[in-house]
Structures are given as C-alpha cells and as structure tokens.
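Student: Give me the fold of what follows.
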Amino acid sequence: MLRVADTDKPCLHLVYEMWDSMIEKVKTAIYRHEGLEDDEYSSFWSVVYDILIDRWTKNCTPLHCLAHSLNPKYYSIEWLSENPKRISPHRDHEISMERSKCLDRYFEDESELKAVKCEFASFSGGRFPSPDALTDRWDLLPLIWWQYHGSAFPILQSLAFKLLGQPCSSSCAERNWSTYKFIHSLKRNKMAPARAEDLVYVHSNLRLLSRRNEEYVNTSTKMWDIAGDSWNESDIHGGAGILENAALTLDEPELEAMVIGNANTSVTTSESEVRSEAIDVDVDDDASI
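Tutor: Numbering: from 1, shown residues only. A predicted model of the protein is given here:
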C-alpha cells in the first residue's frame, strides 16, 4: 500500500478502499495461518487489528472520504458484487459523516452548499442524463468519467478534478529526513537526538520564515529552497538559476564546537528566540511547499 500511495500518479481517491481491503487481507492471511474460521476468535488478530485501526485513525482525513465518495467505480454493480460486505459510499455512515464535514468546510456559501448536496444526491443515486454513464462507471478511469459525464454536476465536477487528480506522496516526510541528514552527518554525529531534533525544527521554520522576506522573490537567490541549481532561467516557473555563491553548509568550526555537547547557553538562547519567532508560522505554509 505504501508503494502504491507514494507515487506521482493520482491515488487520493484510492486510499480509503486500499486501506479497508488491506485490513481484510491481513485478517484472511492470519486466520488461514491459524486454521480458524471467520467467526472464531484470534488473540493475535485482535492485537494486529487494534494497531491497524489506530494507524488508520491517525492518517485518515475527511478528504480521503470525500475523494472515495467521488469515485464512480465504487457505485458500480461490478465492484459491489466482488465482496458481499461492500456497500456504496453514500450508504456508509462513517464516509458520509466525514464527507459532510469536508463539504461544510469547503463551501462556505449556504446556497452553493445546498446545490452541491443536490448534485451529490443525483450522482450517488445514478440519475445521469446519459445511460452510458452507468456502465462507464466501471470501465472508465474516475477522472476520465468525470471529464466525459460530469457536465450534469458542474460543482462536483470541479471538485472531482481537484481531488481525483491529487497524488499521495511522502515528500513532506522525506524533506524532513533530508534536513535531519543535513544536520546530523558523519562529520557531525556527536549530537544528542533531542538537540538534533531541535536544530531540524529551527532550520525548517527559518526556511519558512525566509519566504516572507522581499529577497526571496526578487533577488538572484529567489526560491532557493525550491529550485536550487536544478532549474534554469527558461523554466516555466522562472527558476532561481545556478546558485554559484550559495554556501549552504553547517561545517563551521565555531558551530561545531557549540553543538556537539559543550554547548554554551548562548546557543540555547538563540534557539529559544528562533522558536518563539517560528512558532507563528502556520502549518499551511509547509503544506503549500
């Protein structure tokens, strides 16, 4: 599941179903190994199930449920008949509740919210102007289906284009790991984990704070943390060019002496000041990178 999700392909609308199916497959494998029937109790499965549910509860968001609800495949007879336990998204209580939360936050205008609810009722009920839309729910890719048959639901179509074309990626976590590797390297490996985590926190938030400066968008080193020397000036986004004069290293003797254990109080004070300034950075800034 991690391999499928961590790609550049649109898969946000597949996460909920993948996770649900994965839990069932794990249960089947454990019960087969223990030689148990489906209605029998397994202490090992009980522990594994709690772990999986806790992780899913931590990672699941209303967007997963909304994207799942907008996938036409999950309303088709072919998909529902594959497993007798399956039900369409509009009949699932958990999905419906999370979908409502997402729509209520996304559409602030009451009239627009009412219109999108009516559109979703027609979409989930299979009331399409074209009879081919019913059969194409299973045959066509979700995004293609909305492009071809979604004109009857203009608000939902616009929302589906955004969600069904959205990939899932671990780039946010990988960016954090890259920062940690930049700070805790083979040459600088005497730091305690707590100190390294503090420096990662400070470094990441200083990068976000730097985006508020005028130099970030107007000087020769604009967008340095996004572009680097892999972009050129002819890039469609107007890249930063080659940063020949950039010295993005922490291998400084003075800094080395301060961070490897004999840290003086001035460093702690500086970190506290940066933390107090960086704490104002909104999480959405990081999500927009």
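Student: what sits against the closest residue to Q157 other than its chain neighbours?
Tutor: Closest residue to Q157 apart from its sequence neighbours, by Cβ to Cβ, 6 or more residues apart in numbering: G150 at 3.6 Å. (Glycine included, C-beta is placed from N, CA and C.) G150 makes contact with 156-157, 160, according to Cβ atoms under 8 Å, 6 or more residues apart in numbering.
Student: wait, which of the residues you listed is closest to C60?
Tutor: A160 (19.8 Å; Cβ to Cβ).
Student: Domain boundaries for this protein, per the record?
Tutor: The record's domain split for the chain, according to automatic domain parsing, is 2-164, 171-287.
Student: Tabulate these (a markdown table), appending mean pLDDT.
Tutor: Below are the domains of the chain laid out as a markdown table (pLDDT from 0 to 100):
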| stretch | mean pLDDT |
| --- | --- |
| domain 2-164 | 90 |
| domain 171-287 | 61 |
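Student: center of this structure - which residue?
Tutor: The residue lying closest to the centre of the chain (Cα atoms, centre = their mean) is C168, at 5.2 Å.
Student: distance of E37 from W45?
Tutor: As judged by Cβ to Cβ, to the nearest Å, E37 and W45 stand 12 Å apart.
Student: Find residues that contact each of those two.
Tutor: Y31.
Student: Comparing those two, which residue is more hemmed in?
Tutor: W45 (17 against 6; other Cβ atoms under 10 Å).
Student: Skip the chain neighbours and tell me the closest residue to that one.
Tutor: I30 (4.8 Å).
Student: My read is that that neighbour contacts F44, right?
Tutor: Yes - between I30 and F44 there is a contact under Cβ atoms under 8 Å: 6.2 Å.
Student: And those two? Which one has more around it.
Tutor: Higher neighbour count among I30 and F44: I30, with 15 against 12, using other Cβ under 10 Å.
Student: In three-state terms, label that one for me.
Tutor: helix (DSSP: H, G, I helix; E, B strand; the rest coil).
Student: ok, it - contacts?
Tutor: So I30 contacts 42, 44-45, 48 (Cβ under 8 Å, 6+ apart).
Student: let's go with 10 Å and repeat that
Tutor: 36, 42, 44-45, 48-49 (Cβ atoms under 10 Å, 6 or more residues apart in numbering).
Student: got it, and W79?
Tutor: So W79 contacts 17, 71-73, 86, 88, 137-138 (Cβ under 10 Å, 6+ apart).
Student: out of the domains of the chain, deepest packed?
Tutor: Among the domains of the chain, domain 2-164 has the highest mean neighbour count (mean count of other Cβ atoms under 10 Å), at a mean of 15.
Student: got the end-to-end distance for that domain?
Tutor: End-to-end distance for domain 2-164: 18 Å, by Cα to Cα, to the nearest Å.
Student: Distance from it to the middle of the chain?
Tutor: The chain centroid and the centroid of domain 2-164 are separated by 16 Å under Cα atoms, centre = their mean, to the nearest Å.
Student: just stretch 195-205 next, same as before
Tutor: The answer for stretch 195-205 is 22 Å, by Cα atoms, centre = their mean.
Student: In PDB, list the C-alpha atoms belonging to it.
Tutor: Taking C-alpha atoms only, stretch 195-205 is exported to PDB below (Å, rounded to 0.1, in the frame of the first residue of the first chain):
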ATOM      1  CA  ARG A 195      19.500  18.500  20.100                       C
ATOM      2  CA  ALA A 196      19.300  17.300  16.500                       C
ATOM      3  CA  GLU A 197      15.500  17.400  16.500                       C
ATOM      4  CA  ASP A 198      15.600  21.000  17.800                       C
ATOM      5  CA  LEU A 199      18.000  22.000  15.100                       C
ATOM      6  CA  VAL A 200      15.800  20.400  12.400                       C
ATOM      7  CA  TYR A 201      12.800  22.300  13.900                       C
ATOM      8  CA  VAL A 202      14.700  25.600  13.800                       C
ATOM      9  CA  HIS A 203      16.200  25.000  10.300                       C
ATOM     10  CA  SER A 204      12.800  24.100   8.800                       C
ATOM     11  CA  ASN A 205      11.000  27.100  10.300                       C
END
